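> what would the 3D arrangement of this be:
(2 chains)
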2 protein chains.
Amino acid sequence: MSVTPDNAVRTYLEQHRESFLDDLAEWLRIPSVSAQPEHDADVRRSAEWLAAKLKETGFPTAEIWPTDGAPAVFAEWPSADPDAPTVLVYGHHDVQPAALADGWHTDPFEPVVKDGRMYGRGAADDKGQVLFHTLGVRAHLAATGRTTPAVHLKLLVEGEEESGSPHFRDLVERHRDRLTADAVIVSDTGMWSETTPTVCTGMRGLADCEIELYGPDQDIHSGSFGGAVPNPATVAARIVAALHDEHERVTVPGFYDGVTELTAAERELLAELPFDEAEWLRTAKSYGTSGEAGHSTLERIWARPTAEVNGIGGGYQGPGGKTIIPSSAMLKLSFRLVAGQDPDRIEEAFRGWVASLIPAGIRHEITFGAATRPCLTPLDHPALQAVTRSMSRAFDGQKIRFTREGGSGPAADLQDVLDAPVLFLGISVPSDGWHAPNEKIELTLLLKGVETAAYLWGDLAGALH
Amino acid sequence: MSVTPDNAVRTYLEQHRESFLDDLAEWLRIPSVSAQPEHDADVRRSAEWLAAKLKETGFPTAEIWPTDGAPAVFAEWPSADPDAPTVLVYGHHDVQPAALADGWHTDPFEPVVKDGRMYGRGAADDKGQVLFHTLGVRAHLAATGRTTPAVHLKLLVEGEEESGSPHFRDLVERHRDRLTADAVIVSDTGMWSETTPTVCTGMRGLADCEIELYGPDQDIHSGSFGGAVPNPATVAARIVAALHDEHERVTVPGFYDGVTELTAAERELLAELPFDEAEWLRTAKSYGTSGEAGHSTLERIWARPTAEVNGIGGGYQGPGGKTIIPSSAMLKLSFRLVAGQDPDRIEEAFRGWVASLIPAGIRHEITFGAATRPCLTPLDHPALQAVTRSMSRAFDGQKIRFTREGGSGPAADLQDVLDAPVLFLGISVPSDGWHAPNEKIELTLLLKGVETAAYLWGDLAGALH
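Prediction:
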């Protein structure tokens, strides 16, 4: 298959570029902040705006799907070819809070185009990356002379991603029949940089828990009793300290069972990325690296499972001293999981391991939250190769490299409920300022996203057959 | 020296018992709660009451000594014998807060005598044990026909002990010249039980510190960065976990240097005490014992140095989860010290030891509070033997056993500033309910305290010569 750009696509994009950017600006003016109840009506208005725009684009079906929180938008454009594979695009239409006082140079909800960038809350996360699919599918049709896409195309655009997607799993399960797909395309991530286009191939999963440790019935005097009864804060600390060995590997028995190890080829590909550790540390606002021995920083955050303390507390934390043995202590821990790990088995192993560390006289309780599974698409997966080829065409034949995402997200729910591979298509770059003041999107890259989408449906139709 | 009781002393006590108890009841009616500002005037009134009572007892000097907080009372009764040794008695006239609503059966500041006990806040801690010295010194004079005590007798009764004695060290240093003594008698402790009279021979010292640990400049995302930068909460936990070895011995280098070990004889004496571990655990409101290997519970709390976590905190401690690497974490640690340990050397060793545990990328600060030194009087010290003999006489020749105090107190300031041995004389028992509702003192034991004081000055005069 060719990786040369398509003149018909590029011509179409040039012709429709301005009205597309006007559309985006109009959508960005709706402050769809899902975390702020005063914007509930705006979030609904945002969903309605998108549904109308998708109808106008040509989607025969575009519906508002209510949830127990903010509404999602679902749209569907069947292919005339009944044997065409089905692709579901995921994105979100809600945005992070934003206010001029946070350091914005212009009103976050009055988009401004300057120096080839559009500034505004949601420009990159995620309205810009959702909307490129409208012009993308139109360009696909225009360039190929088709009247329907080469794939059965579905879109699911939720309204609560910035609030932790509390109703997303439920939504997907309720509508499982209408959401069936052969592949999921997540348009809510980014690339390495302007000059290094990349495709994300997976996200880590997440399991988290809280441990309560109970010692004496009340705080007791450390002079009268110190050194003779177990201290729950000490036990909490010993659990944390025992969680890693001297190579910073997690010691919970079986934790690494089933882990999909990086192949030598994958490690080489990661090592090729122009990683600047000093720059990365600035992003992490940190002053040193550490982690599992034998792995680079990128491997540690993308491809290795981890255990972190998110919170620890016990005893007196106010000013000055208080000579007590605390009555209780608390730990919040989370595990990032990678492909091949089973959250249920890890929870079970962890519970047994913690119990083995609890001395007589201390009682403990462990509560796990709902786990998010990891997702990972192998580099040789045909759909991933189609995404890479389409992106390379849009990027003038540049080599597309691979990244992963260290965090965890609702994409995994789609993978699990729909039993479909998840692919990531995003053209945002780290400087776009997600969740920060002066969020922007590079218009050149935004159009590369449109162009990638324009090539993708034809390529995927072949790849998934 | 005889340990038979003195009929003259006992006769004198019988004659003056009622007026003595009336005096105590009058004093207990003054709610001298140093922790509650609304009782400031009562604390002053309590000091004035005591000074007047000491004058009435015969002390030529009885003064109110102001501090930056509540006032202390100082009294002095020189011996006619210019070569007599000087003894300083320590106690306090302030009391713990108390309210009917806390579970008192009667008004805590309206003392009631019932079943041979006087109930009221301060009955045992510490007004009763201060006041027995008034009748004690009168009985000493009456029984020996003296007009002045056999020792130069001084009393220092502070007004802030229940508030942590914040100005006591300063007070003692300012009045060092007037407080000089050959021995200090602390009347603010108790005995093992009604049937096992004991003398306390020492208190543990205290050094405490706070450690602040700083990692990223702000909380960072545990998905994006987890497993690749050091987590200050993990470092805090590792410090705590490293503080003890598998035998629960403190691992700070040199921590045990100079520790005055229990002799085989002392261990045997401790083992003779009728210790009921189940009962002790109920007092500790705890469900298991633990501690330094090779030592009994009593040895651990009385005679062994310890390290305890009093507080630990870092990251998210609210409800639910939050997937962060915390920006900072905090530890509050305290060390109980025993005779022979040097708080300054321990602080220095600890600072070096902590520094060795801090990984690159984590910054730390350690702040130590003012240390309280341990005090310990050897069993063969002549003054301790005098206390024991006097007590045995009062207790009809019963064997007096030895205890220690696991906590730390202002007695150590007297020892350090005055360079004098500290002896403890107390007749309160664990059931007296210090700091609890329905505090009481057993009148039989209170009179044994008076009687011991009546014998003590003559015996000490000989022992300290």
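
> how about A:I358, what does it touch?
For A:I358, the contacting residues are A:213, A:235, A:364, by Cβ atoms under 8 Å, 6 or more residues apart in numbering or on different chains. Backbone N, C-alpha and C define where each C-beta goes, glycine included.

> which residues does the residue of the stretch 201-350 of chain A found nearest chain B contact?
Using Cβ to the nearest Cβ, the single residue of the stretch 201-350 of chain A nearest to chain B is A:G288, 2.0 Å away. When contacts are counted by Cβ under 8 Å, 6+ apart, A:G288 touches A:281, B:229-230, B:359-362.

> mind doing that once more with 7 Å?
By Cβ atoms under 7 Å, 6 or more residues apart in numbering or on different chains, the residues touching A:G288 are B:229-230, B:359-361.

> do A:G103 as well
Contacts of A:G103 (Cβ under 7 Å, 6+ apart): A:P437.

> check what pLDDT it gets.
A:G103 is assigned 92 on the pLDDT scale.

> hey, where'd the helices end up in chain A?
Secondary structure of chain A by DSSP state H: the helices cover A:7-28, A:40-57, A:127-144, A:168-174, A:176-179, A:222-225, A:232-242, A:264-272, A:277-283, A:297-302, A:343-355, A:382-394, A:411-418, A:443-463.

> right, and those - which one's nearest B:V172?
helix A:222-225 (20.7 Å; Cβ to Cβ).

> thought A:S392 was touching A:Q385?
No: taking contacts as Cβ atoms under 7 Å, A:S392 lies outside contact range of A:Q385: 10.3 Å.

> on that earlier part again, can I get the helices of chain A in TSV including mean neighbour count, distance to chain B and mean pLDDT?
Putting these into TSV (neighbours: other Cβ atoms under 10 Å in any protein chain shown; distance: least, Cβ to the nearest Cβ, whole Å; pLDDT from 0 to 100) gives the following:
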stretch	mean neighbour count	distance to chain B	mean pLDDT
helix A:7-28	16	25	97
helix A:40-57	19	22	98
helix A:127-144	25	18	97
helix A:168-174	18	16	96
helix A:176-179	14	25	98
helix A:222-225	25	3	90
helix A:232-242	25	3	98
helix A:264-272	14	13	93
helix A:277-283	13	8	94
helix A:297-302	23	4	96
helix A:343-355	16	14	97
helix A:382-394	23	22	97
helix A:411-418	21	12	92
helix A:443-463	24	21	97
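
> so can I have JSON lines of the ones you listed showing distance to B:E261?
JSON lines is the format used below for these (distance: least, Cβ to Cβ, whole Å):
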{"stretch": "helix A:7-28", "distance to B:E261": "76"}
{"stretch": "helix A:40-57", "distance to B:E261": "71"}
{"stretch": "helix A:127-144", "distance to B:E261": "71"}
{"stretch": "helix A:168-174", "distance to B:E261": "63"}
{"stretch": "helix A:176-179", "distance to B:E261": "72"}
{"stretch": "helix A:222-225", "distance to B:E261": "20"}
{"stretch": "helix A:232-242", "distance to B:E261": "25"}
{"stretch": "helix A:264-272", "distance to B:E261": "57"}
{"stretch": "helix A:277-283", "distance to B:E261": "50"}
{"stretch": "helix A:297-302", "distance to B:E261": "48"}
{"stretch": "helix A:343-355", "distance to B:E261": "37"}
{"stretch": "helix A:382-394", "distance to B:E261": "70"}
{"stretch": "helix A:411-418", "distance to B:E261": "60"}
{"stretch": "helix A:443-463", "distance to B:E261": "74"}
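
> closest one to A:A150 among those helices?
Nearest to A:A150, of all the helices of chain A, is helix A:443-463, at 3.9 Å by Cβ to Cβ.

> need the contact list for A:P274.
Applying Cβ under 7 Å, 6+ apart to A:P274 gives the contacts A:T196.

> looking at it now. What's its pLDDT?
At A:P274, the pLDDT recorded in the model is 95.

> now do it against B:H16, distance only.
To B:H16, A:P274 is 94 Å away according to Cβ to Cβ, to the nearest Å.

> A:E63 against A:F74, yeah?
Yes: contact criterion Cβ under 7 Å: A:E63 and A:F74 qualify, at 5.0 Å.

> burial measure for the closest residue to the residue of the stretch 201-350 of chain A closest to chain B other than its chain neighbours, as a count.
Leaving aside its sequence neighbours, A:G288 sits nearest to B:G361 (Cβ to Cβ, 6 or more residues apart in numbering or on different chains; 2.0 Å). As a burial measure, B:G361 scores 20 neighbours (other Cβ atoms under 10 Å in any protein chain shown).

> which ones are touching B:G361?
With Cβ under 7 Å, 6+ apart, B:G361 has these contacts: A:286-288, A:290, B:215, B:229-230.

> mind listing what A:V112 touches?
A:V112 neighbours (Cβ under 7 Å, 6+ apart): A:106, A:119.

> show me the beta-bridge partners of it.
Listed beta-bridge partners, A:V112: A:Y119 (assigned using DSSP bridges).

> which residue sits closest to A:T189, ignoring its sequence neighbours?
Excluding its sequence neighbours, the residue lying closest to A:T189 (Cβ to Cβ, 6+ apart) is A:G426, at 3.9 Å.

> that neighbour contacts A:Q129, correct?
Yes: counting by Cβ under 7 Å, A:Q129 is a contact partner of A:G426 at 5.8 Å.

> which neighbours do those two share?
Both A:G426 and A:Q129 are contacted by A:187-188, under the criterion Cβ under 7 Å, 6+ apart.

> if I look at A:I324, what pLDDT would I see?
Confidence score, pLDDT, at A:I324: 92.

> beta partners of it?
Assessed by DSSP bridges, A:I324 has beta-bridge partners A:H221.

> repeat for the one 10 residues further on
Per DSSP bridges, the residues bridged to A:S334 are A:D208, A:E308.

> who's in contact with it?
Contacts for A:S334 (Cβ under 7 Å, 6+ apart) come out as A:206-208, A:308, A:310, B:222, B:321, B:323.
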